[in-house]
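I'd like to go over a predicted model; first the sequence, then the structure.
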Amino acid sequence: MGVWRRWIFPSLRIFVFAAIAVALVKLAFFPSTESEGALPLPTGNADDQVVAVSVGSIVNEISLGSTVVADPAVPARAGMIGEVGELSVAQGATVAKGAVLATIRQEIEQEPIVRTDAEGNTTTTAPKAKYRYSQVVAPEAGIISALPLIVGQAVAVGDTVAQIAPPTFSVTATIDPAQQFRLATQPTEARVSVVGGPAEFTCTGLTITAPLAGAAPGGDESNPGAPAAGNGPQVRCAVPADVRVFGGLSGKLVLPGGSAENVLVLPVTAVKGSSQSGSVWVMNAEGISEERPVSLGLNDGSLVQITEGLVEGDEVLEFIPVEDPTNGGPGNDCVEQPNGEIICGEEG
């Protein structure tokens with residue numbers, strides 16, 4: 001036993017450590033060359049890039065971030081030149097539509113009174129002043145938010161006598177101009193949900209407007225109570241009177257863009273164009289794609305309706321082909337086909 005412990009076991013350990021050291025040196029400095037030059041083979045299937053025209057349904061809605069705003073104050077204006085003869089209300093008062101806010105008076109010009117006595121002496125006196133009056137009434141019900149004039153102050157036609165803040169609210173949102181292509185018709189109402197507010201409700205009287213060229217920046221100078229327009233077309237609709245909201249609340253406004261059932265559809269990735277007209281690349285019998293014009297209907301952002309140019313089952317490229325920049329240059333309209341073949345148009 002002493003021989004094993006003294007000579008054989010130590011020799012075996014030395015042999016094992018030597019074998020490990022040789023193996024590590026070989027791996028580090030003499031790698032295997034059996035797989036050199038072998039490149040990984042592609043495993044993708046070209047058929048994965050082809051999609052068939054199918055029958056489906058489209059519900060087209062546009063969701064926008066929105067804000068609740070108080071409707072702008074409505075100005076009550078003077079209807080004639082004169083001076084303020086009387087103010088019937090004070091700032092902060094609540095008034096009904098048609099309530100008298102102020103009276104404007106205008107002195108009527110009169111000929112002087114000329115008298116001649118028995119001796120022929122003539123005296124001229126000014127007649128007692130006479131006035132015509134015009135009442136300024138509230139164009140809408142609300143609260144007097146501004147009353148900038150005082151009694152005796154001169155006014156001209158159209159001057160603002162008072163501002164009336166109505167107790168109503170609207171929902172506003174900014175829509176991207178390109179998103180308007182998805183609206184088949186101009187909607188008149190929208191669904192609104194307010195963060196921390198009431199259940200989803202329908203707002204009415206919807207309008208979509210864009211700032212006109214030459215309009216004053218930062219709002220409407222003729223209506224100081226109007227909010228400043230944001231960047232892009234503005235969507236605005238009225239909050240129902242029975243819905244309790246507050247100015248400044250944020251939420252979501254959903255515009256209905258139309259819906260269609262049992263129509264031909266394709267993914268938007270397969271169609272060049274998104275509204276009215278476009279192009280697809282149809283696979284022919286030889287497995288080569290050919291561009292074909294199509295007519296488009298609704299577009300929900302994922303699917304687009306095909307109204308003309310294709311039938312159910314037609315196979316098209318799932319992604320529209322792009323020009324290879326390495327083959328660029330005028331006249332080199334080259335696109336790569338699913339089978340790897342590159343087809344170029346004739347050079348002009």
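It's in. Numbering: from 1, shown residues only.

Show me where the stretch 1-150 of the chain has its helices.
With helices called from DSSP state H, counting those that start in this stretch, the stretch 1-150 of the chain shows them at 2-3, 9-29.

Check those helices for me: which has the lowest mean pLDDT.
With a mean of 60, helix 2-3 has the lowest mean pLDDT of those.

Quick check: closest non-adjacent residue to residue 165.
Distances taken as CB to CB, 6 or more residues apart in numbering put residue 145 closest to residue 165, at 4.2 Å, once the chain neighbours are dropped. Placement of C-beta: from N, CA and C, glycine included.

Next: residue 83.
Using CB to CB, 6+ apart, the nearest residue to residue 83 is residue 154, at 5.1 Å.

Repeat that for residue 133.
residue 105 (5.2 Å).

The one you found contacts residue 81, correct?
No: with contact defined as CB atoms under 8 Å, residue 105 and residue 81 do not form a contacting pair (10.5 Å).

Comparing these two, which residue is more hemmed in?
More neighbours surround residue 105 than the other of residue 105 and residue 81, with 17 against 14 (other CB atoms under 10 Å).

and that one, what are its bridge partners?
When bridges are called by DSSP bridges, residue 105 pairs up with residue 83, residue 133.

For it, give its distance to residue 158.
17 Å (CB to CB, to the nearest Å).

go on, residue 151?
20 Å.

can you give me the mean pLDDT across the strand or helix carrying residue 237?
Residue 237 belongs to strand 234-238 when elements are defined using DSSP states H and E. For strand 234-238, mean pLDDT rounds to 94.

And the next helix or strand after it, what's buried?
Per DSSP H and E, the first helix or strand lying C-terminal to strand 234-238 is strand 250-267. Using 16 or more other CB atoms under 10 Å as the test for burial, strand 250-267 gives 251-258, 260, 263-266.

repeat for stretch 239-248
So for stretch 239-248, counting by 16+ other CB under 10 Å, buried means 239, 243, 245.

Surely residue 282 and residue 311 touch.
No: Residue 282 lies out of contact with residue 311 (CB under 8 Å); the separation is 10.6 Å.

More neighbours: the two, which one.
Set residue 282 next to residue 311 and count neighbours by other CB under 10 Å: residue 282 wins out with 19 against 8.

okay, now residue 141: neighbour count?
Residue 141 has 16 nearby residues by other CB under 10 Å.

elements contacting the helix or strand where residue 296 lies?
Assessed by DSSP H and E, residue 296 sits inside strand 289-299. If contacts are counted by 3 or more CB pairs under 8 Å, 6 or more residues apart in numbering; DSSP states H and E, strand 289-299 sits against strand 54-70, strand 250-267, strand 272-275, strand 277-283, strand 303-308.

Please work out the average pLDDT along stretch 59-72.
Mean predicted lDDT for stretch 59-72 stands at 91.

Convert that stretch to PDB, retaining C-alpha atoms only.
Taking C-alpha atoms only, stretch 59-72 is exported to PDB below (Å, rounded to 0.1, in the frame of the first residue of the first chain):
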ATOM      1  CA  VAL A  59     -63.700  49.400 -37.700                       C
ATOM      2  CA  ASN A  60     -61.900  52.700 -38.300                       C
ATOM      3  CA  GLU A  61     -61.500  54.900 -35.300                       C
ATOM      4  CA  ILE A  62     -59.000  57.600 -34.500                       C
ATOM      5  CA  SER A  63     -58.000  58.100 -30.800                       C
ATOM      6  CA  LEU A  64     -56.600  61.500 -29.800                       C
ATOM      7  CA  GLY A  65     -55.400  62.900 -26.500                       C
ATOM      8  CA  SER A  66     -57.800  65.700 -25.500                       C
ATOM      9  CA  THR A  67     -58.400  68.500 -23.000                       C
ATOM     10  CA  VAL A  68     -61.600  69.900 -21.400                       C
ATOM     11  CA  VAL A  69     -61.700  73.700 -21.800                       C
ATOM     12  CA  ALA A  70     -64.200  76.300 -20.800                       C
ATOM     13  CA  ASP A  71     -66.000  77.800 -23.700                       C
ATOM     14  CA  PRO A  72     -64.700  81.200 -24.600                       C
END
